[in-house]
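Participant: requesting a structural model of the entry that follows:
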Amino acid sequence: MAALDLQEQEQLEALKAWWKDNGNWILGTVLVVVVAMGSWRGWQYYQHQQATKAATLYMQVVEQVGSNDPKRVNDAAAAVMDKFASTAYAARAALLAAQVNEQAKDVAHAKTQLQWVIDHAGEAALKDVARLRLAAVLLDEKNYADALQLLEAKHPESFDGLYADLRGDVLSAQGKTDEARSAYKLAYEKFDVQNIYRNLIQMKIDALGVAK
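Facilitator: Next up is the predicted model:
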């Protein structure tokens, strides 16, 4: 027993020495894990709170759209974009406000909001919608180069038809008939046979005349 007690004593002394050398590091690691878990839970709660507040402000944007008052819409959208830029509601608010501004012929304001969506939206689909709308605005301004540059952006296959159709519009406006026809044909092929949008694209192809 004496030998066993001595062995245990030696193990205890060795454990004390090891703890002296490594204890602070272990405690620090445990503390980091605990803080990280607490921070994650706190972040989830914060995100939930932010989303709830953002949703409330976004509903105000939706309500103001019905007022047909661009200033009220822009003010409501700006509140969401400024305070809750990281939420999904901010990009949607910007898109709604841009639509109102386009209708009110406030193109400069609309372009700024659409670019904001492209730069800040977390959802790829919202970025694609903003690119298409901004490209259409640039087409109206005869800024063909920038419009085409936007339409070169990588996008999901589901957007191929819309991108190709708008590219055809830009090329047609530039007088590049053959290139426009190719773009329209691609757009036509990308839409389902039962999609009525195909008829509009076919009309555009027919309007270009027979290929030389």
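Participant: only C-alpha atoms for contact and neighbour calcs from this point on.
Facilitator: Fine.
Participant: once you drop chain neighbours, what's closest to the most centrally placed residue in the chain?
Facilitator: Centrality entry for the chain: nearest residue to the mean C-alpha point is Ala121, 2.8 Å, by Cα atoms, centre = their mean. With Cα to Cα, 6 or more residues apart in numbering as the measure, Ala91 is the residue that lies nearest to Ala121, at 5.5 Å, once sequence neighbours are left out.
Participant: show me where pLDDT drops low in this protein?
Facilitator: Scanning the chain for pLDDT under 70 picks out 1-51, 210-212.
Participant: Arg181: what's it in contact with?
Facilitator: Contact partners of Arg181, counting by Cα atoms under 8 Å, 6 or more residues apart in numbering, are 168, 205, 208.
Participant: tell me the SS of it?
Facilitator: Assigned with DSSP: H, G, I helix; E, B strand; the rest coil, Arg181 falls in the helix class.
Participant: over to Asn68. Which of the three states is it?
Facilitator: Note that with three-state DSSP, the state of Asn68 is coil.
Participant: list the contacts of it.
Facilitator: Val100.
Participant: what lies in contact with the helix or strand the residue nearest to Ala121 falls within?
Facilitator: Secondary-structure element containing Ala91, defined by DSSP states H and E: helix 88-103. With contacts defined as Cα under 8 Å, 6+ apart, helix 88-103 is touched by 51, 54-55, 58, 61-62, 65, 68, 70, 73-74, 77-78, 80-81, 84-85, 107, 109-111, 113-114, 116-117, 120-123, 126, 130.
Participant: go through the residues you listed and flag which are in strands.
Facilitator: Assigned to strands by DSSP state E, none of the contacts of helix 88-103 qualify.
Participant: can you say which of the residues you listed are buried?
Facilitator: Buried by 16 or more other Cα atoms under 10 Å: 51, 54-55, 58, 61-62, 65, 70, 73-74, 77-78, 80-81, 84-85, 107, 110-111, 113-114, 116-117, 120-122, 126, 130, out of the contacts of helix 88-103.
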